[in-house]
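S.K.: need the 3D shape of this:
(one chain, ligands or ions: 1)
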Amino acid sequence: MKFYKDHYDVIVIGGALAGLSSALMLADKGKDVLVLERHNLPGGIASSFVRGGIEIEAALHEMMSIGEKDNRLKVGKFFDDMGVDIEWLKVPEAYHASLPGLEVTLHPGLSTFAKEIDAVVPGTYDKVLSLLNLCNTVFDSVNELSIHPMSKAKMLLKHEAFVKTAGYTTKEVIDSFDLPKKAQDLLAPYWIYVGSGFSDLPFTIYSVLRADYVGYGSYIPRKFSHEMSLKMAERAEAMGVQIEYRQHVEKILVKDGKAYGVRTARGDEIHADYVISSAYPNKVYTSMIEPASEVPSKAIKMVNGRRLSLTAFSVIMILDDTAENLGIKDYSVFKGDTMDTDLLYKDLAGLGPYRYLTCICHNLGNDTATPPGTCSYSITTLPQVKGWKTVKAEDYDRVKHEVAKQMIDEMSAYLGVNLLDHILEIVIETPMTVNRYTNAWNGCIYGYAHTMEDHIIARLQTAEEESFIKHLEFSGAHAISGDGMGPAVTNGRKAAKNVLDTMAAEEAAK
Ligand SMILES: Cc1cc2nc3c(=O)[nH]c(=O)nc-3n(C[C@H](O)[C@H](O)[C@H](O)COP(=O)(O)OP(=O)(O)OC[C@H]3O[C@@H](n4cnc5c(N)ncnc54)[C@H](O)[C@@H]3O)c2cc1C
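M.R.: Just a heads-up that it's a prediction; the model follows:
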């Protein structure tokens, strides 16, 4: 029996959130899809692993864009529409901020959030709520415009706040509200999820992040992020998608500026009308296009011109007691010795000690996260990729353990418990781990940084020009929306939509 068909409509490289979203959407429209995944499991970063008989989340802190069952946001709705049935658990709080002079737990809901800030910084309710409402208006515009593009004149009429704030940084807009520093600090913690300091972060991106997480709350799947990828893969196969694991795609075959198939490390040459790649454009344009003469110089310029976003360093532990007994009170803690995001961003270029940590105790959002009498606790920072690139192989083990120890010591001091005395299992994930398991370029987890120079609006406008090879689309955190698991799903859907639109246009032109 032949392993592959002679021809597919679409080959998707990578069976993680983005690639599987593309596959589901294409299969839903009756297309014949092959997914090639180099690992022996689906999911990429959206995965879990087992240590000492305990299943452990590999990455996910919280998912955006899910929403309640009767009021789904776009990612939650996509899963429902595709028949991917996930048991979503709402994270109980927005976050606990542990910042100089502040120990505050804030909860989702725009007015709840503003009230809780007002309780700590009196007299700020109206201004904070009005900032959050502005974020919400921009968020609604982004959602509508991403589905219904419109003329500039109409946009100005219907989406005034979005248009007026688009050219400003987050810092500029927040400063214009003239809030006391403590209130500003309490509005900053999620910043690391988008990976740019506020002097360079478009307010549009801040708005989406803030309105989504604070307005609607965040969610986790009961069976970890792997529940998403496993169920997506299962559903895709039920819809007729062929998924092959342990198949590393080495080359994307191109002729006369148009992709027509791939070659795997095993030597199979497989043909399709379209290729969707979860591999980073940096990797694709520098080593995967065959023949290399088909790589346009503009594509190399584009990948060199974009700034990679952040990678991850995470210490994930299973502890030998309950969260309550260990004094862990919050699902999510952001801890920093300053809330100057520009300074913190610079700090992430080094190898620690890191000044901004994000800690998660899954048991406080998921009562079945670990066996009774234990709990999970992860301490994470998201460094820039350049620092870790300087670590020599012979120093890697030492540096990794030093950084992990600093992070454990800092959180032990915060909790008043020596975490080292309570570790049943520990895993240290570094940028190298991410690179090894997912092939992500330099271990990057968020694609390209959202900056004023590389504004999402400009990305949307130049998307067509940046489609350098016909019938080749990109699907992953490195595509237009960037940043995280929810956007990876959105990017996967967008890549599939581009393929479907091109198919329809080419059919119509025949
Ligand atoms: C510690 C940590 C914590 C995080 N926390 C959060 C969080 O709380 N919320 C959030 O939204 N995001 C979080 N993220 C980021 C998020 O996990 C990623 O942005 C997202 O999962 C990326 O999904 P993806 O589908 O683009 O890529 P990936 O998950 O990187 O998957 C790419 C897939 O393609 C496959 N592949 C690559 N090249 C090839 C090839 N040549 N041939 C075949 N297969 C190939 C890989 O094996 C992999 O399966 C976190 C990440 C880390 C590391």
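
S.K.: show me which residues of the stretch 1-150 of the chain sit near the ligand.
M.R.: Residues of the stretch 1-150 of the chain lying close to the ligand (CB under 6 Å from any ligand atom) are 13-19, 36-39, 44-46, 59-63. The way it works is simple: take the backbone N, C-alpha and C, and place the C-beta from them, glycine included.

S.K.: buried ones in stretch 485-502?
M.R.: 485-500, 502 (16 or more other CB atoms under 10 Å).

S.K.: restrict those to those near the ligand?
M.R.: Among the buried residues of stretch 485-502, the ligand is touched by M485, G486, A488 when using CB under 6 Å from any ligand atom.

S.K.: who in the stretch 351-500 of the chain is up against the ligand?
M.R.: Residues of the stretch 351-500 of the chain lying near the ligand (CB under 6 Å from any ligand atom): 380, 429, 434, 438-440, 445-446, 476-477, 484-486, 488.

S.K.: now those as TSV including distance to K223 and pLDDT?
M.R.: Formatted as TSV, those follow (distance: CB to CB, whole Å; pLDDT from 0 to 100):
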residue	distance to K223	pLDDT
T380	21	98
E429	20	97
V434	22	96
T438	20	95
N439	25	93
A440	24	94
I445	21	95
Y446	24	92
G476	23	92
A477	22	89
G484	19	93
M485	15	96
G486	18	94
A488	19	95
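
S.K.: which of those has the largest number of neighbours?
M.R.: A488 (31 neighbours; other CB atoms under 10 Å).

S.K.: how far does the helix or strand harbouring that one sit from its chain's centre?
M.R.: Counting by DSSP states H and E, the element that carries A488 is helix 485-509. Offset of helix 485-509 from its chain centre (CA atoms, centre = their mean, to the nearest Å): 20 Å.

S.K.: so which elements touch that helix?
M.R.: On a contact count with 3 or more CB pairs under 8 Å, 6 or more residues apart in numbering; DSSP states H and E, helix 485-509 meets helix 17-28, helix 74-81, strand 269-277, strand 472-474.

S.K.: and the next element down the chain from the third one?
M.R.: Tracing the chain C-terminally past strand 269-277 and defining elements by DSSP H and E, one meets helix 281-283 next.

S.K.: other residues contacting that following helix?
M.R.: A299, M302, V303, L308, N439, W441, F474, H478 (CB atoms under 8 Å, 6 or more residues apart in numbering).

S.K.: which residues in the stretch 51-200 of the chain form strands?
M.R.: 54-57, 88-90, 95-99, 102-106 (DSSP state E, counting those that start in this stretch).

S.K.: which one of those has the most crowded surroundings?
M.R.: Most buried of those by mean neighbour count (mean count of other CB atoms under 10 Å) is strand 95-99; its value is a mean of 22.

S.K.: so that one versus strand 102-106, what angle?
M.R.: Using axes from the mean of the first three to the mean of the last three CA atoms, to 10 degrees, the inter-axis angle of strand 95-99 relative to strand 102-106 is 170 degrees.

S.K.: contacting residues around strand 95-99?
M.R.: With CB under 8 Å, 6+ apart, strand 95-99 has contacts from 103-106, 185-186, 189-190, 329-330, 332-336, 338-339, 414.

S.K.: go with 6 Å
M.R.: Residues outside strand 95-99 that contact it (CB atoms under 6 Å, 6 or more residues apart in numbering) are V104, T105, D185, L186, P189, D330, S332, V333, F334, K335, G336, M339.

S.K.: how far out from the middle of the chain is stretch 408-416?
M.R.: Put simply, stretch 408-416 sits 27 Å off its chain's centre (CA atoms, centre = their mean).

S.K.: just the buried residues of that stretch, please?
M.R.: I408, E410, M411, S412, Y414, L415.

S.K.: repeat for stretch 380-395
M.R.: Buried residues in stretch 380-395, counted by 16+ other CB under 10 Å: T380, T381, L382, P383, Q384, V385, G387, W388, V391.

S.K.: what does the model give the nearest residue to the second one once chain neighbours are set aside for pLDDT?
M.R.: Beyond its immediate neighbours in the sequence, the residue positioned closest to T381 (CB to CB, 6 or more residues apart in numbering) is Y354, lying 4.2 Å away. On the pLDDT scale, Y354 is placed at 96.

S.K.: now Y95, nearest residue through space, not along the chain?
M.R.: According to CB to CB, 6+ apart, the nearest residue to Y95 is S332 (4.6 Å).

S.K.: how near is the one you found to the ligand?
M.R.: 9 Å (CB to the nearest ligand atom, to the nearest Å).

S.K.: repeat for V391
M.R.: 17 Å.

S.K.: excluding chain neighbours, what is closest to that residue?
M.R.: In space, V391 is closest to V399, 5.3 Å off (CB to CB, 6+ apart).

S.K.: next, the angle strand 95-99 makes with the strand or helix carrying the one you found.
M.R.: Taking DSSP H and E as the definition, one finds V399 inside helix 393-415. With the same axes, to 10 degrees as the basis, helix 393-415 and strand 95-99 are set at 100 degrees to each other.

S.K.: give me the low-pLDDT residue ranges for this structure?
M.R.: Along the chain, segments meeting pLDDT under 70 span 1.

S.K.: gap between the residue nearest to P371 when sequence neighbours are not counted and I220?
M.R.: Sequence neighbours aside, I54 is the residue nearest to P371 in space, at 6.5 Å (criterion: CB to CB, 6+ apart). Distance, I54 to I220, using CB to CB, to the nearest Å: 17 Å.

S.K.: do the same with D200
M.R.: With CB to CB as the criterion, D200 and I220 are 30 Å apart.

S.K.: who has more neighbours out of the two?
M.R.: Neighbours per residue (other CB under 10 Å) separate D200 from I220, with I220 holding more: 27 against 19.

S.K.: excluding its own residues, what touches the helix or strand encompassing E324? List them.
M.R.: Assigned by DSSP H and E, E324 belongs to helix 323-326. The contact list for helix 323-326, computed with CB under 6 Å, 6+ apart, reads C361, N363, L364, C375, V417.

S.K.: count of neighbours near the closest residue to the third one other than its chain neighbours?
M.R.: In this structure, L364 finds its nearest non-sequential neighbour in Y331, 4.1 Å apart by CB to CB, 6+ apart. Counted with other CB under 10 Å, the neighbours of Y331 add up to 25.

S.K.: domains for this protein, by residue range?
M.R.: Here the domain parsing of the chain from automatic domain parsing is 8-52+64-86+223-305+452-509, 111-216, 310-438.
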